[in-house]
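*Asks:* My questions concern the predicted model and sequence given below.
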Amino acid sequence: MKISYVLRHPLSVLAAVMLLLGASPTSGSAQTMQVTLAPGDVDVARGLARMDVELKVSAMEAQAGQAVLTLPVVIANTDTIATTLTDLTITDALGPVPWTVRDDPVAMVYARHWIAGRAVSGDVTVRYRAPIDNTPPRRGSGPPYSLRTEGGGVSGVGNTFILLPEDDRDYRIALRWDLTGLDAGANATSSYGEGDVDLEAGKADRLSSTVFMAGPMQREPMPVSNTGFSAAWLGETPFKAQPLMAWTHQLHGWMSRFFAEPGEPPYRVFMRYNPINAGGGVALTRSFLVTYGQATDPADLKSTLSHEMIHTWTQWDGRGQWYGEGIAVYYQGLLPYRAGLITADDYLADINDTARRYYSNLLNDTPDDQIAPRFWEDSRIRVLPYDRGGLYFAVVNGKVRRASQGARSLDDLMLEMNRRRRAGETVNEAVWVALLTAELGEDGQALHVAMKAGELMLPEADDYGPCFTRYVGRARRFDLGFDPKSLVGDVKTIRGLVPGSAAEQAGIRNGDVVTYAVAMDGVQSNQQAMLALQVTRGEDRFPVTYLPRGDEVDVYQWRRAPDAADAACKT
């Protein structure tokens with residue numbers, strides 16, 4: 001399983017940072033903002049392009065020395081264009097507004113603020129150029145937010161290149177495209193629809209969780225509709241993309257019926273190349289961005305695509321990834337199997353991949369409240385909400401089935417959470433625990449407390465249905481052989497090398513500066529995956545490749561029960 005990410009709407013990561021920093025936004029009636037995007041200067045051979053951005057913001061009021069615009073510098077281990085944009089001008093009725101910048105303290109997520117050099121009043125126009133460069137990111141793994149160019153077009157997520165007013169007013173937003181810088185035949189789309197679109201009043205940070213794509217796109221289905229499912233990608237993929245997107249289209253329809261979705265709200269899948277975390281993706285407003293690499297098997301993307309679509313119906317008001325990611329992991333194989341879109345053996349492989357990684361994880365007893373502050377420093381921590389959450393929900397499903405003599409299951413609880421969310425009711429951890437307690441009594445509360453504390457989640461032998469049974473297998477622990485924090489930040493310097501480890505035996509030494517071009521989460525998931533590092537030591541630069549594995553340990557796995565019919569698996 002590839003790690004994927006969720007950027008929830010309407011509260012983006014940027015907005016959360018502003019609240020944590022104690023920003024004092026102003027409120028008021030809805031204003032207007034027109035955002036015009038003009039991509040161009042595409043250099044296919046060098047992987048370069050640009051995106052010119054114009055913002056027209058109504059009725060902006062700010063004193064001299066006040067922040068008027070903001071953009072993350074780093075968000076979820078991903079660099080933005082905050083430090084590389086050029087030609088920035090801010091203009092109001094009195095003419096150009098001088099500006100300076102102020103950055104928040106450097107952290108895993110921090111922002112840049114543009115400070116007005118004089119009082120600003122009235123309608124304001126902001127113009128700047130966002131450079132696009134396909135050079136692999138220095139920081140390594142992260143969500144695929146950044147602007148990229150491929151196939152003669154461009155794509156990216158708003159949180160890496162659209163400056164936003166530093167306030168909390170509601171805006172009616174007009175999204176406009178200027179495609180004169182692209183070749184004839186180019187068109188544009190976003191999470192909100194085809195071409196130019198107008199959005200009703202809402203927070204400006206909606207743009208942070210919006211995908212933008214323009215160029216000679218390929219689409220599924222054709223013709224494109226503003227309702228229901230739509231997929232878009234640029235350039236030639238190393239596999240046949242259309243059949244995969246047709247499969248995803250079919251699964252989306254099945255899931256919509258399962259979750260009792262009224263009507264056909266728009267949902268878009270954007271696909272693009274990723275040089276680091278191929279196969280991963282990120283869930284965004286009304287959409288999902290999935291990535292591929294040169295060696296990607298399209299069959300391997302099906303789990304990721306399924307996982308991310310599930311987020312559409314499992315959003316909640318609570319904190320903690322154990323819920324959203326855990327439930328997506330639990331259903332990512334089960335729902336496609338129920339829909340007849342994967343085999344029982346495919347589903348079994350999905351269960352075992354999660355179980356193998358969880359039970360071999362040396363840090364699988366880490367309490368839930370330690371995951372967020374350590375999320376980017378160690379991939380063994382990063383995968384826990386997914387793996388432990390998925391197994392927790394398998395335990396819940398088994399307990400609910402036994403308590404109700406098979407009359408009820410986890411499905412009933414999930415559909416009730418979704419019903420409440422659709423009705424505008426609160427859906428948070430307290431609501432979930434109340435539903436669990438109604439089904440299981442004190443045992444439900446105890447199970448939840450144990451999961452949050454980091455206790456081992458172990459489904460019963462038949463908790464995945466009578467088609468499968470549990471057994472004990474063997475797997476080697478993921479072990480880099482040095483302090484995982486060494487791989488955090490722009491400059492990655494090896495520290496804490498373990499004597500006798502595979503890393504030391506391969507030639508790694510403390511003080512080595514390394515770069516890598518693989519997703520560490522993916523390496524952790526694959527028992528046979530080699531880790532290739534480019535090492536700089538003094539004046540020398542050389543490659544080192546090794547298998548990042550340590551001790552072999554017992555892991556719980558599932559296999560087909562003797563004489564079990566395929567139909568028995570669809571529980």
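*Replies:* Everything's here; your move.
*Asks:* Need the CA coordinates for the helix or strand where Pro72 lies. PDB is fine.
*Replies:* Assessed by DSSP states H and E, Pro72 sits inside strand 67-75. Taking Å, rounded to 0.1, in the frame of the first residue of the first chain, the C-alpha atoms of strand 67-75 are listed here in PDB:
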ATOM      1  CA  ALA A  67       0.200  41.100   6.500                       C
ATOM      2  CA  VAL A  68      -2.000  41.100   3.400                       C
ATOM      3  CA  LEU A  69      -1.100  37.900   1.700                       C
ATOM      4  CA  THR A  70       0.200  34.500   2.700                       C
ATOM      5  CA  LEU A  71       1.400  31.100   1.400                       C
ATOM      6  CA  PRO A  72       3.000  28.200   3.100                       C
ATOM      7  CA  VAL A  73       6.800  27.900   2.500                       C
ATOM      8  CA  VAL A  74       6.700  24.200   3.400                       C
ATOM      9  CA  ILE A  75       3.500  22.200   3.700                       C
END
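*Asks:* starting at the chain centroid, how far to the helix or strand that that strand is followed by?
*Replies:* Next along the chain after strand 67-75, taking DSSP H and E as the criterion, comes strand 78-79. Relative to its chain's centre, strand 78-79 lies at 13 Å (Cα atoms, centre = their mean, to the nearest Å).
*Asks:* So which bits of the next helix-or-strand element following strand 78-79 are buried?
*Replies:* Counting by DSSP H and E, the next helix or strand C-terminal to strand 78-79 is strand 86-92. Of all the residues in strand 86-92, those buried under the rule 16 or more other Cβ atoms under 10 Å are 90, 92. For glycine as for every other residue, the C-beta is placed from the backbone atoms N, C-alpha and C.
*Asks:* Next, the angle strand 67-75 makes with strand 86-92.
*Replies:* Strand 86-92 and strand 67-75 meet at an angle of 150 degrees, taking axes from the mean of the first three to the mean of the last three Cα atoms, to 10 degrees as the criterion.
*Asks:* quick one: contacts of strand 86-92?
*Replies:* Residues from elsewhere that reach strand 86-92 (Cβ atoms under 8 Å, 6 or more residues apart in numbering): 60, 68-69, 96-97, 99, 114, 116, 120-129, 131.
*Asks:* In strands, which of those appear?
*Replies:* 60, 68-69, 96, 99, 114, 116, 120-129, 131 (DSSP state E).
*Asks:* Return a PyMOL selection command for the buried portion of those residues.
*Replies:* Selecting the buried subset of the ones in strands among the contacts of strand 86-92 in PyMOL, with 16+ other Cβ under 10 Å as the burial test, is done by:
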select buried, resi 60+68+69+99+114+116+120+124+126+128+129
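*Asks:* isn't Val109 right next to Pro72, touching?
*Replies:* Yes - counting by Cβ atoms under 8 Å, Pro72 is a contact partner of Val109 at 6.4 Å.
*Asks:* For the two, work out which one has more neighbours and name it.
*Replies:* Using other Cβ atoms under 10 Å, the more surrounded residue of Val109 and Pro72 is Pro72, with 23 against 18.
*Asks:* State the distance from the more buried one to Gly142.
*Replies:* As for Pro72, its distance to Gly142 is 12 Å (criterion: Cβ to Cβ, to the nearest Å).
*Asks:* For the spatially closest residue to Gln66 that is not a sequence neighbour, give me the pLDDT.
*Replies:* Leaving aside its sequence neighbours, Gln66 sits nearest to Ala116 (Cβ to Cβ, 6 or more residues apart in numbering; 5.7 Å). Confidence at Ala116, expressed as pLDDT, is 97.
*Asks:* Spit out the contact partners of Ala116.
*Replies:* 62-68, 90, 97-99.
*Asks:* Among these, the buried ones, what's the PyMOL command?
*Replies:* Command for PyMOL that selects the buried part of the contacts of Ala116, burial taken from 16+ other Cβ under 10 Å:
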select buried, resi 62+67+68+90+97+99
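*Asks:* Format the contacts of Ala116 as JSON lines; extra columns: distance to Gln557 and pLDDT.
*Replies:* As requested, the contacts of Ala116 are arranged in JSON lines below (distance: Cβ to Cβ, whole Å; pLDDT from 0 to 100):
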{"residue": "Ala62", "distance to Gln557": "60", "pLDDT": "95"}
{"residue": "Gln63", "distance to Gln557": "63", "pLDDT": "96"}
{"residue": "Ala64", "distance to Gln557": "65", "pLDDT": "97"}
{"residue": "Gly65", "distance to Gln557": "61", "pLDDT": "97"}
{"residue": "Gln66", "distance to Gln557": "59", "pLDDT": "97"}
{"residue": "Ala67", "distance to Gln557": "54", "pLDDT": "97"}
{"residue": "Val68", "distance to Gln557": "56", "pLDDT": "97"}
{"residue": "Ile90", "distance to Gln557": "59", "pLDDT": "98"}
{"residue": "Val97", "distance to Gln557": "63", "pLDDT": "98"}
{"residue": "Pro98", "distance to Gln557": "64", "pLDDT": "98"}
{"residue": "Trp99", "distance to Gln557": "59", "pLDDT": "98"}
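*Asks:* And the contacts of Ala116, which is closest to Arg408?
*Replies:* Ala67 (51.9 Å; Cβ to Cβ).
*Asks:* who touches the nearest residue to the closest one once chain neighbours are set aside in this structure?
*Replies:* Nearest residue to Ala67 in three dimensions, chain neighbours excluded: His113, at 4.0 Å (Cβ to Cβ, 6+ apart). Going by Cβ under 8 Å, 6+ apart, His113 touches 67, 69-70, 101-104, 166.
*Asks:* His113 pairs with what?
*Replies:* Per DSSP bridges, the residues bridged to His113 are Thr70, Arg102.
*Asks:* Asp104 versus that one, what's the distance?
*Replies:* 8 Å.
*Asks:* Could you tell me which helix of this structure is the longest one?
*Replies:* The longest helix of the chain (DSSP state H) is helix 384-403.
*Asks:* unless I'm mixing things up, Pro216 is touching Gly152, no?
*Replies:* Yes - using Cβ under 8 Å, Pro216 is in contact with Gly152, at 5.4 Å.
*Asks:* more neighbours, those two?
*Replies:* When Pro216 and Gly152 are compared for neighbours, Gly152 comes out ahead with 18 against 15, by other Cβ under 10 Å.
*Asks:* Which parts of the stretch 151-300 of the chain are strands?
*Replies:* Along the stretch 151-300 of the chain, the segments classed as strands by DSSP state E, counting those that start in this stretch run 153-157, 164-165, 170-177, 187-190, 193-194, 197-203, 211-215, 218-220, 229-233, 267-273, 281-284, 287-292.
*Asks:* Turn those strands into TSV, columns for mean pLDDT, distance to Asp563 and mean neighbour count.
*Replies:* Shown next, in TSV, are the strands of the stretch 151-300 of the chain (pLDDT from 0 to 100; distance: least, Cβ to Cβ, whole Å; neighbours: other Cβ atoms under 10 Å):
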stretch	mean pLDDT	distance to Asp563	mean neighbour count
strand 153-157	97	49	28
strand 164-165	97	60	24
strand 170-177	97	57	19
strand 187-190	96	50	23
strand 193-194	92	51	18
strand 197-203	95	55	15
strand 211-215	97	47	26
strand 218-220	94	40	18
strand 229-233	94	39	25
strand 267-273	93	39	25
strand 281-284	84	38	27
strand 287-292	90	38	26
